[in-house]
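# structure of the sequence below:
(2 chains)
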Amino acid sequence: MPVESVFPRLEALLPHVQKPIQYVGGELNSTVKEWDDTDVRWALMYPDAYEVGLPNQGVMILYEVLNEREGVLAERTYSVWPDLEELMREHRVPQFTVDAHRPVGAFDLFGVSFSTELGYTNLLTALDLAGIPLDAADRTEDHPVVIAGGHAAFNPEPIADFVDCAVVGDGEQAVLEITEIVRAWKAEGRPGGREELLFRLARTGGVYVPRFYDVEYLADGRIARVVPNRSGVPWRVSKHTVMDLDEWPYPKQPLVPLAETVHERMSVEIFRGCTRGCRFCQAGMITRPVRERSITGIGEMVDKGLKNTGFEEVGLLSLSSADHSEIADVAKGLADRYEEDKIGLSLPSTRVDAFNIDLANELTRNGRRSGLTFAPEGGSERIRKVINKMVSEEDLIRTVATAYGNGWRQVKLYFMCGLPTETDEDVLQIADMATRVIAKGREVSGSGDIRCTVSIGGFVPKPHTPFQWAPQLSPEETDARLEKLRERIRGDKKYGRSIGFRYHDGKPGIVEGLLSRGDRRVGDVIRAVYEAGGRFDGWREYFSYDLWMDCADKALTAHGVDVDWYTTRERGYEEVLPWDHLDSGLDKDWLWEDWQDALDETEVEDCRWTPCFDCGVCPQLDTEIQIGPTGKKLLPLTVVK
Amino acid sequence: MQRVRLRYTKRGRLRFTSHRDFQRAFERALRRAEVPMAYSAGFTPHPKVSYANAAPTGTASEAEYLEIALTERRDPALLRELLDASLPPGLDVTDAVEAHTSGFADRLTASEWRLRLDGVAPAEAARAASAFLAAPAVEVQRETKKGLRTFDARAAVAALEAAADDGPGGADRPGPASCAILRLVVRHLTPAVRPDDVLTGLRTAAGLAPPVPAGVTRLAQGPLDEETGTVTDPLAPDRDATPVATAHGSTA
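Here you go, the predicted model:
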């Protein structure tokens, strides 16, 4: 039976809400398929506002991969703002997809991509609006299977009550495997109901089904063990790794929205994974090994993507884009090819070295040289050894000297506060670094019109990193340390006025910390916050620290733990961590050694250029580093008139 | 340089496109269609597009206009097809004429609108329209960027009458049992009187309160024929001038 569009009912509400265009769909390159021509149907969600969710590469890739398949339908849904949520509840309009405005509750699968834990309350809003019971245990065969993915899914325990499954790692192949399992189960007449379907997914070893695992606790609140509660379910669930990015050139036809979104550009992922080994960086740890897209593959994606979208900017994405083995040729080749076409090129996530100035110069050949961004992350040489961010102050000064010498006028520096072993002195050295940057800039450029912006955020320890055992700094201490830094910068008569200072207070970081390293008991907090009206926790204007703390106090007391226990407490070697049964490929003993090395201020090299240091990923997952150079060149294309 | 004037629509669900949204979409369509656009000078060059008088977000339109400047000549009819295919369905390019006259924006002196009032009996709408027209002035208020403004919505209205439901934009809405259609002609004055203001006026001056938001569509935009109270084609002078202009070569 075809599923009816809710659009006529939604349409009547749209004149009353902000930016209604975000709810109407119709994006260029979007796909609407006939419901009855398909037998496996996915609703894909990015649990944030449309303007943030639409450009998300993960959702865009899976949307296209699924829709390319015969018999498979994928549509997208995003969080609705509270103004529309209120009207939808009043007029009983369910959570809908923007493609064909079908109710999310009618789909077979509801996949939700979590880049951050701060989307958890939005998951509950969407489930409730969709008419799907919040508790996975209360769902029937008529409800979609709710699957969490994305980086936050590497510790899905805080949302274990609300999701049916979690999938860790790359989604391209995983969604197709899941699709086939669902298709077969439906074709067989749904034997064994929902439970059987979940079991078939779980026994692949690549889909985590929380209900098939029991968590046992010790008297002191720590986890005793996590154990499968039925046979055939693996003890640990593996992450998925796509090995040849050139075989997965997605998105081929990126969505072009009518509404304004946060990234309006043609993004091409130039490699996946990172082995720099920054110890705070969850993305770098959980996406190993490094897999490069070839220079020719990049060139084709950019060409097709621009033709299909009309975008004016190309973003070369990865965790450390300048590390691509042929980045110089890629940058030069693209700059040559699009010199006449007014296409901008951007290279986010670059490290601090002079080579990158050459790259930046290449990318801005025709344009204005305004600002360059670097992330030393730590203010002192000592703390940078702790976090394994191998950049010396001399490197940085040399780099900014080159930048200012090449006409750049503004340098932005990113730092973190609250890193393990950090003292006030480590953070105050950020001010010294900034003054040296300004002094060098004035000297090299011969101009007083030089700016340096210091941007600093609180560090949140993340699962599957060497810092997963580390204590998080309390918000009071974070704020006090940032205040001292602010005073140090303000007090500098000679340079202070050239230094911009941006910081985030420590409170949101504590909630993120609670959710990042939480276990199943934290689910009660998320539910309580949602029920008390918590929404859009990644947005300053909606986030309420007090609401989270009140709800956490009430919900966690029953379990004999509290927010500090989850955040500012240091964990020991023997402790069973809530995510230990999710296998990111990293050897837990290696992570512990790296944590000990951090405390000893010992650095680790990048395994792309030095011998393997046994993090465990390649042998565990039977993968390998895939890097160039291929020796090929990016060909200039002749524009067909 | 060749200048081409285009007429385009905002139909169905894409009536929720704001003017800024449309501008971005149109400029991308120009790039996809590889239209040889003239660019402005400066640090961030922009394609030369002049937009006239965009309909408010949420109102549909059959008669929006813009003008583009090209560095190479193109056949307007082919250009129309190309751009229409490049834009999403609903944002449709319906006419293209090479510019041979100046003062195009000044020719857009009035708009004809259709107001679809679901859940309102036609007789009730006709009564309210008469009451509105009979009033010497109808003061309405609207929230603007500069705060709440009060102005007269009556003087700008050249025509307001019940009409038959036969135009576009009616089919995408399921019709309840009773549905009234009003045809409205508004002069472009300052401050601008929008269909919304007339609807507000119909409520305050004539007690007309539709149960659901009105479906508003701009049907035409152009010079107002005061005799007949109709809005005429603003591209007509360019169309008529074509043979003359061709004989004299480029008009750029």
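# helix/strand/coil for A:V522?
For A:V522, the assignment made with DSSP: H, G, I helix; E, B strand; the rest coil gives helix.
# pretty sure it contacts A:Y566?
Yes - A:V522 lies in contact with A:Y566 (Cβ atoms under 8 Å); the separation is 7.0 Å. C-beta: built from backbone N, CA, C; applies to glycine.
# joint contacts of these two?
A:L514 (Cβ atoms under 8 Å, 6 or more residues apart in numbering or on different chains).
# so what's the residue in the stretch 201-350 of chain A that chain B sits nearest to up against?
The stretch 201-350 of chain A approaches chain B most closely through A:G310 (3.2 Å), counting by Cβ to the nearest Cβ. Counting by Cβ under 8 Å, 6+ apart, A:G310 touches A:V256, B:E27, B:R28, B:A29, B:L30, B:R31, B:R32, B:S86.
# what helix or strand does the fifth one sit in?
Under the assignment given by DSSP states H and E, the secondary-structure element containing B:L30 is helix B:19-32.
# which of the residues in the following helix or strand past that helix are buried?
The helix or strand immediately downstream of helix B:19-32 is strand B:49-52, counting by DSSP H and E. Using 16 or more other Cβ atoms under 10 Å in any protein chain shown as the test for burial, strand B:49-52 gives B:V49, B:A52.
# distance from strand B:49-52 to the middle of the chain?
13 Å (Cα atoms, centre = their mean, to the nearest Å).
# ok, now stretch A:158-172?
Put simply, stretch A:158-172 sits 14 Å off its chain's centre (Cα atoms, centre = their mean).
# ends of that stretch, how far apart?
25 Å (Cα to Cα, to the nearest Å).
# quick one: average pLDDT of it?
Mean pLDDT, computed over stretch A:158-172, is 98.
# how about it: buried residues?
So stretch A:158-172, judged by 16+ other Cβ under 10 Å, has buried residues A:158-172.
# what's the closest of those residues to A:D303?
A:D303 lies nearest to A:E172 out of the buried residues of stretch A:158-172, by Cβ to Cβ, at 21.4 Å.
# just checking, that closest one touches A:V242?
Yes - at 5.2 Å, A:E172 counts as touching A:V242 under the criterion of Cβ under 8 Å.
# in chain A, where's the longest helix?
Ranked by residue count under DSSP state H, the longest helix found in chain A is helix A:424-445.
# which single residue in the stretch 51-200 of chain A comes nearest to chain B?
Relative to chain B, the nearest point of the stretch 51-200 of chain A is A:H101 (9.0 Å; Cβ to the nearest Cβ).
# any idea of the pLDDT on residue 236?
This is for chain A. At A:R236, pLDDT is 97.
# not quite, I wanted chain B
B:A236 is assigned a predicted lDDT (pLDDT) of 95.
# neighbours of it, how many?
B:A236 has 14 neighbouring residues, counting by other Cβ atoms under 10 Å in any protein chain shown.
# ok, it to chain A distance?
Relative to chain A, B:A236 is positioned 31 Å away (Cβ to the nearest Cβ, to the nearest Å).
# repeat for B:L189
25 Å.
# contacts only, for that residue.
B:A155, B:A156.
# same thing with A:T275?
Taking Cβ under 8 Å, 6+ apart, we find A:T275 in contact with A:G284, A:R288, A:P289, A:V290, A:D606, A:C607, A:R608, A:I625.
# sec struct for it, please.
A:T275 is classified as coil under three-state DSSP.
# pLDDT score for it?
At A:T275, the pLDDT value in this model is 89.
# now do A:Q620
For A:Q620, pLDDT reads 86.
# my read: it touches A:K588, true?
No - the criterion here is Cβ under 8 Å, and A:Q620 misses it with A:K588 at 11.0 Å.
# just the ones in strands from the buried residues of stretch A:158-172, please.
Here DSSP state E is the test, and the buried residues of stretch A:158-172 give A:C165, A:A166 as lying in strands.
# mind listing which of the buried residues of stretch A:158-172 are in helices?
Applying DSSP H to the buried residues of stretch A:158-172, the entries found in helices are A:E172.
# list the contacts of the closest residue to A:R293 other than its chain neighbours.
Nearest-residue entry for A:R293: A:L245, 4.3 Å, with adjacent residues in sequence omitted and distances by Cβ to Cβ, 6 or more residues apart in numbering or on different chains. When contacts are counted by Cβ under 8 Å, 6+ apart, A:L245 touches A:E269, A:F271, A:R272, A:R291, A:E292, A:R293, A:G297.
# can you redo the residues you listed as TSV with distance to A:R139?
Below are these laid out as TSV (distance: Cβ to Cβ, whole Å):
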residue	distance to A:R139
A:E269	34
A:F271	39
A:R272	33
A:R291	36
A:E292	41
A:R293	39
A:G297	41
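# from these, which single one is nearest B:L14?
A:E269 (30.6 Å).
# with adjacent residues omitted, what lies nearest to that closest one?
Nearest residue to A:E269 in three dimensions, chain neighbours excluded: A:L317, at 4.9 Å (Cβ to Cβ, 6+ apart).
# immediately after the strand of greatest length in chain B, which helix or strand?
The residue-count maximum for a strand in chain B (DSSP E) belongs to strand B:60-70. With elements assigned by DSSP H and E, the helix or strand that comes after strand B:60-70 is helix B:76-86.
# bridging residues for residue 216?
Since no chain was named, I'll use chain A. A:R225 (DSSP bridges).
# wrong chain, I was asking about chain B
In this entry, B:V216 is beta-bridged to B:L115, by DSSP bridges.
# per-residue pLDDT of it, please?
96.
# on that earlier part again, in the contacts of A:L245, find the pair that's most separated.
A:R272 and A:G297 (12.5 Å).
# ok, back up a step: roughly how far apart are the residue nearest to A:E269 and A:S346?
Using Cβ to Cβ, to the nearest Å, A:L317 is found at 9 Å from A:S346.
# so between those two, which is more surrounded?
Applying other Cβ under 10 Å to A:L317 and A:S346 shows that A:L317 carries more neighbours, namely 19 against 16.
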